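Trainee: What would the 3D arrangement of this be:
(one chain, ligands or ions: 1)
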Amino acid sequence: MTNTAGLALYEFSRSVGGVQHWGGAVSAAGPLSAITGQAPVVPFCRHFIQQRANSGEDEIPPPPNRGSIGPLMTSGGTRSGHLPAPDSEVCASRDRLLSGAHILQRAACPVPAKLITQAVWPAGDSGHTVSRGGKIAQRGMKLTLQLYIRARDLMPSTLEGQITMEKTPSYFVTNDAPKRIHSMARDTKLIIVVRNPVTRAISDYTQTLSKRPEIPTFEVLAFKNRTLGLIDASWSALRIGIYALHLESWMQYFPLSQIHFVSGERLIVDPAGEMAKVQDFLGLKRIVTDKHFYFNKTKGFPCLKKPEDSSAPRCLGKSKGRTHPKIDPDVIRRLHKFYKPFNMMFYQMTGQNFQWEQEENQ
Ligand SMILES: Nc1ncnc2c1ncn2[C@@H]1O[C@H](COP(=O)(O)OS(=O)(=O)O)[C@@H](OP(=O)(O)O)[C@H]1O
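Mentor: You can find the predicted model right below:
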């Protein structure tokens with residue numbers, strides 16, 4: 001078992017996604033303020049939301065406390081639409097989860113570089129994969145806590161010089177995740193991929209629409225009251241894009257030095273540049289460079305020239321890069337306005353300007 005730092009990746013391109021690597025000392029730690037002795041991060045965003053609600057503006061309800069069953073998995077989802085309620089077993093298991101996390105840490109996982117080891121429960125999806133170089137749970141099966149723990153225990157331990165990664169989109173917006181991950185491995189590194197929250201919402205909606213063509217239009221779902229222009233921020237497709245709000249929860253536990261933000265927009269135009277920053281953040285040699293990518297015009301995305309485990313180039317799957325439906329420009333404008341203050345807060349918190357307001361003017 002190694003004591004390398006942990007890694008969690010959250011992807012905000014459509015949903016939120018994540019990769020986690022863990023190892024290192026487990027400690028029952030409190031919030032960041034308790035570790036550093038610094039004043040806790042002021043929850044600006046929450047304060048701002050309260051002020052808005054008081055003045056009759058778009059109300060942003062507290063996050064639904066649904067079904068997170070562990071720091072490393074959740075029954076909640078990141079996609080829009082109605083999520084299934086967690087089953088009773090999942091709910092009953094909540095209190096045992098932290099110890100589950102310790103098991104996970106013990107069992108976590110290094111694998112030969114080519115072997116993918118993951119315990120992922122894609123939120124909002126019927127499928128899941130728990131694998132140790134191969135699937136041991138089939139897609140479509142219900143992932144119970146027992147199955148998850150069994151799967152975890154089959155995973156090999158992390159060896160010196162290896163990084164274990166886990167990707168779960170919904171952790172970023174799951175209330176208890178920061179605390180649980182922190183108490184499991186406070187040196188976990190977090191990677192968050194973000195894109196313009198308006199585009200993210202449309203992508204999220206497009207994904208749901210592809211599975212449930214009967215859902216109302218984006219324009220209908222986006223408003224509580226369209227005549228009054230009141231946004232429905234309880235719609236998960238919109239709520240997830242309030243990045244500052246979610247980040248605030250993480251900053252209560254993790255210093256910014258342990259969080260890396262990837263621009264989803266830059267990832268398309270300059271994948272090697274974004275990957276260079278990721279490799280630096282992880283303390284890795286810059287092995288993935290420009291020469292590994294080519295731009296596939298048909299797909300509209302960069303593809304990998306030739307992954308190690310295959311002789312063919314590898315592009316994003318068919319569920320990525322779907323054509324988005326045309327959304328009423330007034331609705332887009334309204335959403336840009338809605339997100340603007342939250343985006344500004346997010347830029348300030350991260351020290352990075354993602355320039356989403358420029359897209360608004362295009
Ligand atoms: N590597 C890379 N670079 C740039 N953009 C990417 C990448 N991978 C995924 N995407 C875009 O992200 C959207 C899907 O997000 P997720 O991969 O999180 O989807 S999912 O929820 O896990 O299915 C989806 O957005 P849309 O195509 O706009 O719908 C993907 O195209």
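Trainee: and the helix or strand hosting Ala244, what other elements does it pack with?
Mentor: Applying DSSP states H and E as the criterion places Ala244 in helix 243-251. With contacts defined as 3 or more CB pairs under 8 Å, 6 or more residues apart in numbering; DSSP states H and E, helix 243-251 has these neighbours: helix 44-54, strand 189-194, strand 259-263, helix 329-350. (Each C-beta comes from the backbone N, C-alpha and C, glycine too.)
Trainee: do that again at 10 Å, thanks
Mentor: For helix 243-251, the packing partners by 3 or more CB pairs under 10 Å, 6 or more residues apart in numbering; DSSP states H and E come out as strand 7-12, helix 44-54, helix 177-184, strand 189-194, strand 259-263, helix 329-350.
Trainee: Export the longest one to CSV, keeping only CA atoms.
Mentor: Just to be clear, that refers to helix 329-350. Extracted C-alpha coordinates of helix 329-350, given in CSV (Å, rounded to 0.1, in the frame of the first residue of the first chain):
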residue,chain,number,x,y,z
PRO,A,329,-32.5,32.3,-27.8
ASP,A,330,-34.5,34.3,-25.2
VAL,A,331,-34.3,31.3,-22.9
ILE,A,332,-30.6,31.0,-23.5
ARG,A,333,-30.2,34.7,-22.7
ARG,A,334,-32.2,34.4,-19.5
LEU,A,335,-30.1,31.4,-18.4
HIS,A,336,-26.9,33.3,-19.1
LYS,A,337,-28.2,36.1,-16.9
PHE,A,338,-29.2,33.6,-14.2
TYR,A,339,-25.7,32.0,-14.1
LYS,A,340,-23.7,35.1,-14.5
PRO,A,341,-23.3,36.0,-10.8
PHE,A,342,-22.6,32.4,-9.9
ASN,A,343,-20.0,32.1,-12.7
MET,A,344,-18.3,35.3,-11.4
MET,A,345,-18.2,33.8,-7.9
PHE,A,346,-16.8,30.6,-9.4
TYR,A,347,-14.1,32.5,-11.2
GLN,A,348,-13.2,34.3,-8.0
MET,A,349,-13.1,31.1,-5.9
THR,A,350,-11.0,29.2,-8.4
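Trainee: quick one: secondary structure of the residue in the stretch 101-250 of the chain that the ligand sits nearest to?
Mentor: Using CB to the nearest ligand atom, the single residue of the stretch 101-250 of the chain nearest to the ligand is Ser203, 3.3 Å away. Three-state assignment for Ser203 (DSSP: H, G, I helix; E, B strand; the rest coil): helix.
Trainee: swap in Lys224?
Mentor: Criterion first, three-state DSSP; result for Lys224: strand.
Trainee: hang on, it packs against Asp232?
Mentor: Yes - with contact defined as CB atoms under 10 Å, Lys224 reaches Asp232; the gap is 4.4 Å.
Trainee: Write out the residues of the stretch 101-250 of the chain neighbouring the ligand.
Mentor: 169, 203, 206 (CB under 6 Å from any ligand atom).
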